[in-house]
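K.L.:
Have a look at this prediction, sequence included:
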Amino acid sequence: MHRTSTILFVSAALVVSSGCIKPDGAQATLPGDQLFAACTACHGPTGEGNPTLKAPAIAGLPAWYVEAQLTKFKAGIRGGHPDDLEGLRMRPMARQMMNAAEVKSVAAYLASLPPKKQAPSLAGGDAAKGAVNYAVCTACHGPAGLGNEQLKAPPIAGQYDWYLLAQLKKFKGGIRGTNPADTSGGTMRPMSMTLADEDAMKNVIAHISTFNR
């Protein structure tokens, strides 16, 4: 093969295997909306989520939180437990982000989408009792469930109630928040253990469902 043809062949192979390459050798960053296109099959075209696929609503989540979670999924800090079926499914999707700049790009795009409050779907749950249980949550998630960036606590108001229940169970069961590198998850795990059982979890979630976002 002629030397020039060889160079062109190798260059094409690099583009196919490693994504777009800038002239300086750095990987190009795709726009957030283009990156999000791969996520719509589960999370929906507007980030509204999909209960059938156990995909939470992610529209309007703060960029810092989305960026942190994608980074955790990419590194196996989250979604690495064999019993975390949804996390295991999410991890390869996060790894499609070629670099930190693309993680930031899709996180910024999701933050720009308008959030939509999800209607309650769980049976049971006493919001009045849950208000008592939620008292320990206010220090991080705030009295209205809007979160706190300094404490790395995400907003939980408006999220699907079934998703909140699933995550509380994962934290309490050690499926999430036990990786030593997951400092924010490690903070959440003992909080989940203050809820004695599923009824207590449903109570606090019923209270959270009263919040507006």
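P.N.:
Cool, got the structure.
K.L.:
Around residue 70, how many other residues sit close by?
P.N.:
By other C-beta atoms under 10 Å, 25 other residues sit near residue 70. The C-beta positions use only the backbone N, C-alpha and C, and glycine is treated the same way.
K.L.:
SS state for it?
P.N.:
Here residue 70 is helix, with the state taken from DSSP: H, G, I helix; E, B strand; the rest coil.
K.L.:
That one contacts residue 107, doesn't it?
P.N.:
Yes: with contact defined as C-beta atoms under 8 Å, residue 70 and residue 107 form a contacting pair (6.8 Å).
K.L.:
helices and strands of the protein: which one bottoms out on pLDDT?
P.N.:
The helix or strand of the chain with the poorest confidence is helix 3-18; it has a mean of 32 (mean pLDDT, DSSP states H and E).
K.L.:
any idea which helix or strand comes after that one?
P.N.:
Next helix or strand after helix 3-18 toward the C-terminus (DSSP states H and E): helix 32-36.
K.L.:
just the CA coordinates of that following helix, formatted as CSV?
P.N.:
Output in CSV follows, covering the C-alpha atoms of helix 32-36 (Å, rounded to 0.1, in the frame of the first residue of the first chain):
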residue,chain,number,x,y,z
GLY,A,32,-25.4,18.0,24.7
ASP,A,33,-28.6,17.5,22.7
GLN,A,34,-26.8,15.1,20.3
LEU,A,35,-25.3,13.2,23.2
PHE,A,36,-28.7,13.0,24.9
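K.L.:
Could I get the buried residue list for it?
P.N.:
Buried residues in helix 32-36, defined by neighbour count with 16 or more other C-beta atoms under 10 Å: 32, 35, 36.
K.L.:
I'm done for today, thanks for sticking with me.
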